[in-house]
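>>> Just need the structure, nothing else, for what follows:
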Amino acid sequence: MTQRTEGFDKDETIAGVEDRVRARFPDAEKAVVHDEAVAAVEKFADAPVKDFVDIIAEREARAHVEDVTTEA
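Numbers count the residues shown, from 1 in each chain. Got it, this is the predicted structure:
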């Protein structure tokens, strides 16, 4: 999980989601993984409670990347 000492850092959260999704799907295109990580984090970035944004965003990004990689 992304460590937060002061508030929510969207860029740090995107990087963490991207790293974990890339580790799960090493053959996926980097641009696809990045775009899905950004989209997923952006979707939840305005949530009033941000403690689980990285987990929820990772699950969503993983699902989208998996869909793209299985279609290819």
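>>> how about the helices of this protein, start to end?
Under the criterion DSSP state H, helices of the chain are mapped to 10-24, 30-44, 53-71.
>>> now the ones you listed as TSV including mean pLDDT and mean neighbour count?
C-betas here are computed from N, CA, C, even on glycine. What follows is the helices of the chain, written out as TSV (pLDDT from 0 to 100; neighbours: other C-beta atoms under 10 Å):
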stretch	mean pLDDT	mean neighbour count
helix 10-24	97	18
helix 30-44	96	18
helix 53-71	93	17
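>>> for the closest residue to residue 56 other than its chain neighbours, what are its contacts?
Excluding the flanking residues, the one nearest residue 56 by C-beta to C-beta, 6 or more residues apart in numbering is residue 44, at 5.7 Å. For residue 44, the contact set (C-beta atoms under 8 Å, 6 or more residues apart in numbering) comprises 50, 53, 56-57.
>>> Closest one to residue 16 out of those residues, please.
residue 57 (9.1 Å; C-beta to C-beta).
>>> I'd like to know how far that closest one sits from residue 69.
18 Å (C-beta to C-beta, to the nearest Å).
>>> likewise residue 20?
According to C-beta to C-beta, residue 20 and residue 69 sit 15 Å apart.
>>> likewise residue 52?
Counting by C-beta to C-beta, the gap from residue 52 to residue 69 is 25 Å.
>>> Enumerate every residue touching residue 7.
No residues are in contact with residue 7 under the rule C-beta under 8 Å, 6+ apart.
>>> could the contacts of residue 44 be laid out in CSV, adding distance to residue 11?
CSV is the format used below for the contacts of residue 44 (distance: C-beta to C-beta, whole Å):
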residue, distance to residue 11
50, 14
53, 13
56, 17
57, 13
